Structure formats: C-alpha cells, structure tokens
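>>> Got a sequence here, can you model it:
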Amino acid sequence: MSEKLEFKKLREFGEIINDTFRFVKENFKPLLKTYIYFCGIFLVAGMIATIIQQTGALKNVTYSVSNNPFDTMKYKYATASYLFVVFISLFSYTAINLSILSFIAIYIKKGNVAPMLEEVWGYFKYFFLRVFGSSIAIGLFLIVCFMMCVIPGIYVFPAVSLMLPIMVFENASLGYSFSHAFKLLKDQWWVTAGSIFVLWLITSATSSLASLPAMVLIMASAFAHGPQAISTTVVIISTVIQYICQILLILPIIGVSLCYFNLSESQHSEGLMERIHKMGEHEDPFQQKAEY
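Numbering: from 1, shown residues only. Take a look at the predicted model:
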C-alpha cells in the first residue's frame with residue numbers, strides 16, 4: 001500500500017502541481033462527497049438564480065432610457081436579480097473554499113486519513129462567518145490592487161490566495177492572515193506565484209473546454225438570429241455546465257494549501273520536527289525500502 005500524501009514538507013514547483021493531483025486521486029470519493037454535501041445547495045441556488053437572471057436579461061436585451069414606468073420596473077428587476085446572483089456566488093465561493101480547507105486540516109490532524117462529514121461540519125460551521133466576511137474584504141482589496149495599473153494586483157495575488165488557508169489552518173484572524181501571508185512569501189514569491197498561476201490556468205482551461213459546446217450554441221444563435229433568438233434551453237444547459245465546472249476549483253484550493261505548507265516548512269520546519277518526535281514510535285519511522 002502506497003504512503004499517503006504528506007502536506008508538511010518542502011516541495012519544488014513540479015512537486016506542488018503533481019501532489020495536487022495525487023491528493024485528489026487518493027481522496028477522490030471523500031472529497032467529492034464533502035463538496036456535494038457542503039456546496040450542493042449553494043450551487044443549485046446559484047444555477048436557478050443565474051438562469052432566471054440570464055433569461056430575464058435576454059427578454060429585455062433592448063433596454064432603452066425612457067420614462068416608461070414598466071421599463072423602470074424591468075431595469076430594477078434585472079438589477080436585483082443580478083445582485084442576488086452575486087450574493088449567492090459569495091456563499092458558494094465561501095462554501096467551496098471552507099469545505100476543502102476543513103477537509104485538509106482534519107486530514108492532517110488525523111494523520112493523513114480522510115475525515116468524516118461530521119468532522120468537516122464542525123470546522124465548517126465554526127469558520128463560515130469569519131471566512132465569508134474575510135472573503136468579501138479580500139476580494140475588495142484585490143479589486144483595488146488590480147485597478148492600480150494591474151501590477152499591484154499581480155503582486156498581491158499569491159498573498160491573497162494564502163490568507164484563507166492561514167485562517168483555517170492556524171485559526172487566525174484576517175489581520176494576522178494578511179500580515180503572515182506576506183511574511184511567508186518572503187524570498188519565495190516566484191515559486192508560489194508560478195504554482196498558483198499554473199493551477200488556475202489548468203482549472204480555467206478545463207472549465208472553458210467543458211463549456212465550449214454551450215458557448216458555441218449561444219454564439220451561433222446570436223449571430224444567426226440575434227440575442228433574442230437564444231433559447232431558454234441553451235441558457236439552462238450553459239449555466240448548468242458552468243456551475244458543474246466549479247468542482248474544478250478544488251484543484252487550486254489544494255494547490256494553494258500545499259504552497260502554504262511548503263512556505264511554512266521552509267521557515268519553521270514543523271513537519272520535520274514532528275517526524276523527528278515520532279522516530280521512536282515505529283520500528284521503521286521513515287518507511288525505507290530494503291536494499292538488495
């Protein structure tokens with residue numbers, strides 16, 4: 001039986017990418033179960049809200065500025081439905097991040113054993129409001145940084161990505177997570193940024209490929225008969241595919257977690273110290289294979 005993936009260890013760029021997929025492979029069923037259980041209701045609500053918003057937008061695609069009270073009502077309805085989609089998306093983003101981060105935290109605590117749903121739920125309900133509020137603050141901070149000629153946004157993105165893992169793994173506040181993220185990245189920015197960028201690129205490319213058939217249908221209908229010719233069926237199919245593809249967000253969340261432990265290990269060597277303390281607990285603590 002192969003050894004389970006260890007989070008608390010030093011890793012090179014390629015190891016972070018490879019171990020991200022390895023962790024998913026080793027824990028695919030419990031990860032999927034956790035994702036569906038904790039994120040399913042938000043994904044379904046998001047699908048319904050997005051379908052309503054997009055079909056309403058298509059029916060009123062020819063908005064014009066006028067004093068007609070019905071036009072004003074339609075505009076207000078479209079705005080309200082869009083804001084509701086954004087609100088649900090925030091809940092969905094929080095649930096996806098928190099459920100996977102909680103899974104990893106308990107996995108490490110149990111000695112590299114996949115947790116039960118009840119165990120994840122304990123972390124989930126404890127951190128939810130903190131992570132939800134912090135996600136809004138972090139998102140606004142990142143938007144402001146990208147508005148400042150893009151470069152500041154690129155620079156802070158790796159640190160911003162580390163804040164939620166720090167918050168969950170260290171039971172930290174937003175302020176501590178903010179400052180600690182930048183301290184961890186000292187002299188390690190390029191490796192961390194490269195790993196996160198590649199994982200997000202893989203996630204985006206896979207998601208775009210899965211959504212391609214629906215996008216082709218929408219574009220073909222729009223070019224052939226105009227935006228109003230796009231059927232509700234096409235909107236539903238494209239929305240469902242879009243939300244199903246959100247499961248791919250598991251990859252960058254796991255990858256960022258590996259980056260966090262890589263950075264933490266390089267500065268504090270906690271994983272190494274734990275292995276040293278366990279040396280006397282097993283006959284062969286390093287599980288070396290016999291040499292012939």
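>>> how about the closest residue to residue 194 other than its chain neighbours, what does it touch?
Excluding the flanking residues, the one nearest residue 194 by Cβ to Cβ, 6 or more residues apart in numbering is residue 13, at 5.8 Å. All C-beta atoms are positioned from the backbone trio N, CA, C, and that covers glycine. Applying Cβ atoms under 8 Å, 6 or more residues apart in numbering to residue 13 gives the contacts 191, 194-195.
>>> from those residues, which would you call buried?
Applying 16 or more other Cβ atoms under 10 Å to the contacts of residue 13, the neighbour count classes 191, 195 as buried.
>>> and the contacts of residue 13 as TSV, adding pLDDT and distance to residue 6?
Formatted as TSV, the contacts of residue 13 follow (pLDDT from 0 to 100; distance: Cβ to Cβ, whole Å):
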residue	pLDDT	distance to residue 6
191	89	19
194	92	22
195	92	17
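>>> Helices - which of the contacts of residue 13 land there?
191, 194-195 (DSSP state H).
>>> Pick the one among those residues closest to residue 155.
Checking these against residue 155 with Cβ to Cβ, the nearest one is residue 194 at 13.7 Å.
>>> I'd like to know how far the closest one sits from residue 137.
Applying Cβ to Cβ, to the nearest Å, the value for residue 194 to residue 137 is 26 Å.
>>> do residue 172 as well
14 Å.
>>> got it, and residue 89?
16 Å.
>>> and if you look at residue 264?
Separation of residue 264 from residue 137 (Cβ to Cβ): 23 Å.
>>> Can you find which helix in the chain contains the most residues?
As assigned by DSSP H, the longest helix anywhere in the chain is helix 69-109.
>>> Quick one: distance of that helix to the chain centre.
Relative to the centre of its chain, helix 69-109 is centred 13 Å away, using Cα atoms, centre = their mean, to the nearest Å.
>>> by contact count, what packs against that helix?
helix 28-59, helix 117-147, helix 151-169, helix 250-268 (3 or more Cβ pairs under 8 Å, 6 or more residues apart in numbering; DSSP states H and E).
>>> try it again with 10 Å
Helices and strands touching helix 69-109, by 3 or more Cβ pairs under 10 Å, 6 or more residues apart in numbering; DSSP states H and E, are helix 13-26, helix 28-59, helix 117-147, helix 151-169, helix 250-268.
>>> For the stretch 51-200 of the chain, which residues score under the pLDDT cut-off?
Scanning the stretch 51-200 of the chain for pLDDT under 70 picks out 57-79.
>>> 50 instead, please
62-66 (pLDDT under 50).
>>> Make CSV from the helices and strands packed on helix 69-109 and add distance to residue 217 to it.
Shown next, in CSV, are the helices and strands packed on helix 69-109 (distance: least, Cβ to Cβ, whole Å):
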stretch, distance to residue 217
helix 13-26, 30
helix 28-59, 14
helix 117-147, 31
helix 151-169, 33
helix 250-268, 27
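>>> among those helices, which is the most enclosed?
helix 250-268 (a mean of 22; mean count of other Cβ atoms under 10 Å).
>>> could you check the angle helix 13-26 makes with that helix?
Angle, helix 250-268 to helix 13-26, by axes from the mean of the first three to the mean of the last three Cα atoms, to 10 degrees: 130 degrees.
>>> Could I have the CA atoms of helix 250-268 written out in PDB?
Backbone C-alpha positions of helix 250-268 (Å, rounded to 0.1, in the frame of the first residue of the first chain) are rendered in PDB as follows:
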ATOM      1  CA  ILE A 250     -10.800  22.100  -5.700                       C
ATOM      2  CA  LEU A 251      -7.500  21.900  -7.600                       C
ATOM      3  CA  PRO A 252      -6.300  25.500  -6.900                       C
ATOM      4  CA  ILE A 253      -7.500  25.300  -3.300                       C
ATOM      5  CA  ILE A 254      -5.500  22.100  -2.700                       C
ATOM      6  CA  GLY A 255      -2.500  23.600  -4.600                       C
ATOM      7  CA  VAL A 256      -2.600  26.800  -2.500                       C
ATOM      8  CA  SER A 257      -2.700  24.700   0.700                       C
ATOM      9  CA  LEU A 258       0.400  22.800  -0.500                       C
ATOM     10  CA  CYS A 259       2.100  26.100  -1.200                       C
ATOM     11  CA  TYR A 260       1.200  27.300   2.400                       C
ATOM     12  CA  PHE A 261       2.800  24.200   4.000                       C
ATOM     13  CA  ASN A 262       5.800  24.500   1.700                       C
ATOM     14  CA  LEU A 263       6.400  28.100   2.800                       C
ATOM     15  CA  SER A 264       5.700  27.300   6.400                       C
ATOM     16  CA  GLU A 265       8.000  24.300   6.400                       C
ATOM     17  CA  SER A 266      10.800  26.400   4.800                       C
ATOM     18  CA  GLN A 267      10.600  28.900   7.700                       C
ATOM     19  CA  HIS A 268       9.600  26.800  10.700                       C
END
